[in-house]
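Enquirer: compute the structure for the input listed below.
(chains A and B)
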Amino acid sequence: MPQPLLVADALVAGYGQPVVGPLSFAVGPGEVVGLWGANGCGKSTLLRAVAHQARVFDGRLTRRPGLKLAWQRQQPVRLDEMPLDGHEYLRYAQADREAPPARLSPWLDRRIDRLSGGQFQLLAVWAMLGGRADLVLLDEPTNNLDPAGQQTLADILRAEQGARAVLLVSHEHGFLQRACSRVVEVGAG
Amino acid sequence: MTGDTLFLLPFLSGLLVAASLSLLGALLRLREEWLAALGFAHLAGAGGLIGLALHLPVVLGAALGAAAGALLKGLGRLHGNTVYALMMLAGWSATLLMAANSALGSVMGHAMVEGQLYFAGDLHLVAAVALGGVTLAGLRWLMPALVRERLLPGQDAANRLPTRRRHLGFDLLTALGMAVGTATIGLMGAFALVFVPPWLAFRVARRWRQALAISVGFGLAGYTAAFALALVLDQPFGPVLVGLLLTTAGGLSVVSRRLSGA
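Expert: Numbers count the residues shown, from 1 in each chain, chains lettered A, B, ... in the order given. This is a model prediction of the structure:
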């Protein structure tokens, strides 16, 4: 069995005080793992702990040595004025592992501040997935997506299964069921 | 000094400064840090006059003053507009006090605030050439990471990669640009070259590289036109430059919006 990329063992994480846990889960190579839970249960805090942005109070969080992470925050940065087109956005994100999905192609020649919220969200997710990170962390990637956009995202994530490890959090249980190879419930201990 | 040389040195110095500041301004705007330029410019003004009192060249004193601000910001891990406001207030106070207490300081302080480019000499040209070279080399190293970090923050932190040296490098580059700019074409002229060309470029460009090209091109054109206009009309260079940049950029922005239907 291949070595897991990430193992959380009775992990308790938070900031000034514990927010979430104890929780145990692992992410192996090629797995798309969803963390599901109600709003405010600490899902984003878990991702932030993996990304060294939250404190581990108890338990263990073990990353494979040399693990390279990509982390998309809950709200991707969207400035009022961003004079970059989609090609440049992906280039600066170093998302050059493979060509973007066909659904994104029509938007790549446009300025990214002139895309709709849903179009930009899908582009921002691909900016993470299209790179060379070993493990991609996605925080509520369905934000701004209508049902068609969610379906596109689920298709993209399903295509990643077996090729790329992804750990994503969402409060949309149905979406996680469609997109992930495994779903872990946060708050279930 | 011949008449040709009398105007050639200031013109070339200012031209290099205009290109560098317009380029740096695009990154400052993307990072929403354009106020930093005004903070560094005020410290540069104060540093120039303090240097003068210590018998240092104005451009060297200005560079030291602005660099001190950049180091304080970087090493003190200070962020946001507050630190730039503090720089402006400290620089303004020190500049006026230095100007009020020496005759030469008064003349030079007035020249820096007004923007009397025609005082620029050999040392200003050397500083402008150095600024141009450092800007090109520095941005070649810094730009990809700075843009990436602005658009997709947190990637380096998630991988525990250091970012401090990069931020300090860009702050020092900005400080150097504003120091040479303030000593050469004046405080507000330098700030206008950092602010106005990128403002126009960000409104009309379709791509990042195009935004950089428009910013530098507009900065150079505006500077050249202002240099000629100020000479012909016998007016102080700084206000002519600022007025010309504002009116032209405003006009072009309106035309561009109408043509694009936005």
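Enquirer: just the strands in chain A please.
Expert: Using DSSP state E, the strands assigned to chain A run over residues A:6-14, A:18-27, A:32-36, A:55-63, A:69-72, A:135-139, A:165-170, A:182-185.
Enquirer: what sits against the most centrally placed residue in chain A?
Expert: Note on chain A: the residue nearest the mean C-alpha position is residue A:138, at 1.3 Å, using C-alpha atoms, centre = their mean. Contacts were defined as C-beta atoms under 8 Å, 6 or more residues apart in numbering or on different chains; by that measure residue A:138 touches A:72, A:125, A:128, A:166-169. The way it works is simple: take the backbone N, C-alpha and C, and place the C-beta from them, glycine included.
Enquirer: what confidence value was assigned to it?
Expert: You'll see residue A:138 listed with a pLDDT of 94.
Enquirer: ok, what's across the strand from it?
Expert: residue A:72, residue A:168 (DSSP bridges).
Enquirer: how much space between it and residue A:131?
Expert: Distance of residue A:138 to residue A:131, computed by C-beta to C-beta, to the nearest Å: 13 Å.
Enquirer: same check, this time on residue B:78
Expert: For residue B:78, the distance to residue A:131 - C-beta to C-beta - is 32 Å.
Enquirer: neighbour count: the two, which is higher?
Expert: Under the criterion of other C-beta atoms under 10 Å in any protein chain shown, the comparison of residue B:78 against residue A:131 puts residue A:131 first, with 19 against 13.
Enquirer: picking that back up, from chain B, how far out is the residue nearest to the centre of chain A?
Expert: 12 Å (C-beta to the nearest C-beta, to the nearest Å).
Enquirer: now do the helices in chain A.
Expert: Ranges of helices within chain A are A:43-50, A:86-92, A:117-129, A:147-160, A:173-179, based on DSSP state H.
Enquirer: ok, and what's touching the third one?
Expert: Think helix A:117-129. With contacts defined as C-beta under 8 Å, 6+ apart, helix A:117-129 is touched by A:70-72, A:76, A:78, A:86, A:89-90, A:93, A:95, A:100-101, A:103-104, A:107, A:112, A:115, A:136-138, A:141, A:143-146, A:149, A:152-153, A:156-157, A:160, A:164, A:166, B:152.
Enquirer: ditto for the last one
Expert: In this structure, residues lying in contact with helix A:173-179 by C-beta under 8 Å, 6+ apart are A:32, A:34, A:36, A:142, A:150-151, A:153-154, A:157-158, A:168, A:170, A:183.
Enquirer: cool, stretch B:30-38 as well?
Expert: The contact list for stretch B:30-38, computed with C-beta under 8 Å, 6+ apart, reads A:79, A:82, B:21, B:24-25, B:28, B:81, B:84-85, B:88, B:146-147, B:150, B:171, B:174, B:177-178, B:190-191, B:194-195, B:198.
Enquirer: and residue 10, what does it touch?
Expert: You didn't pick a chain, so chain A it is. With contact taken as C-beta under 8 Å, 6+ apart, residue A:10 is in contact with A:21-24, A:58-60.
Enquirer: was after chain B, sorry
Expert: By C-beta under 8 Å, 6+ apart, residue B:10 lies in contact with B:117-120, B:124, B:184.
Enquirer: make it 7 Å
Expert: Contact partners of residue B:10, counting by C-beta atoms under 7 Å, 6 or more residues apart in numbering or on different chains, are B:117-118, B:120.
Enquirer: distance between stretch B:234-253 and the chain's centre?
Expert: 16 Å (C-alpha atoms, centre = their mean, to the nearest Å).
Enquirer: that one near chain A at all?
Expert: No - Stretch B:234-253 does not reach chain A (C-beta under 7 Å from any C-beta of the partner chain); its nearest approach is 11.8 Å.
Enquirer: buried ones in that stretch?
Expert: For stretch B:234-253, the neighbour count (16 or more other C-beta atoms under 10 Å in any protein chain shown) marks B:236-242, B:244-245, B:248-249 as buried.
Enquirer: what of stretch B:14-29?
Expert: Using 16+ other C-beta under 10 Å as the test for burial, stretch B:14-29 gives B:14-29.
Enquirer: in helices only, show me these.
Expert: Residues of these located in helices (DSSP H): B:14-29.
Enquirer: looking at these, which is nearest chain A?
Expert: Distance to chain A, by C-beta to the nearest C-beta, is smallest for residue B:29 among these, at 7.7 Å.
Enquirer: looking at it, the closest one is touching residue B:202, isn't it?
Expert: Yes - applying C-beta atoms under 7 Å, one finds residue B:29 in contact with residue B:202, separated by 6.0 Å.
Enquirer: and chain A, which of its residues are near chain B?
Expert: Residues of chain A lying near chain B (C-beta under 7 Å from any C-beta): A:51-53, A:68-71, A:73, A:77, A:81, A:83-85, A:88-89, A:92-93, A:111, A:127.
Enquirer: need the contacts of residue A:138 in a markdown table (columns: pLDDT and neighbour count).
Expert: Below are the contacts of residue A:138 laid out as a markdown table (pLDDT from 0 to 100; neighbours: other C-beta atoms under 10 Å in any protein chain shown):
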| residue | pLDDT | neighbour count |
| --- | --- | --- |
| A:72 | 91 | 24 |
| A:125 | 92 | 24 |
| A:128 | 92 | 23 |
| A:166 | 94 | 28 |
| A:167 | 95 | 26 |
| A:168 | 93 | 27 |
| A:169 | 92 | 25 |
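Enquirer: for residue B:106, see how far away residue B:53 is.
Expert: The value you get for residue B:53 to residue B:106, if C-beta to C-beta is used, is 12 Å.
Enquirer: whoops, residue A:31 was the one
Expert: Going from residue A:31 to residue B:106 by C-beta to C-beta gives 72 Å.
Enquirer: how about the residues of chain B by chain A?
Expert: Contacts of chain B with chain A, taken as C-beta under 7 Å from any C-beta, map to B:144, B:147-148, B:150-155, B:157-160, B:201-202, B:205-208, B:211.
Enquirer: run the last query once more with 8 Å
Expert: Within reach of chain A by C-beta under 8 Å from any C-beta of the partner chain, chain B has these residues: B:29-30, B:32, B:144, B:147-148, B:150-155, B:157-160, B:201-203, B:205-211.
Enquirer: per-residue confidence for residue B:4?
Expert: Per-residue confidence (pLDDT) for residue B:4: 61.
Enquirer: please apply the same query to the one 10 residues further on.
Expert: pLDDT, the model's per-residue confidence, is 94 for residue B:14.
Enquirer: hmm, it is touching residue B:223, no?
Expert: Yes - contact status for residue B:14 versus residue B:223: in contact at 5.9 Å, counting by C-beta atoms under 8 Å.
Enquirer: quick one: common contacting residues for the two?
Expert: Shared contacts of residue B:14 and residue B:223 (C-beta under 8 Å, 6+ apart): residue B:185.
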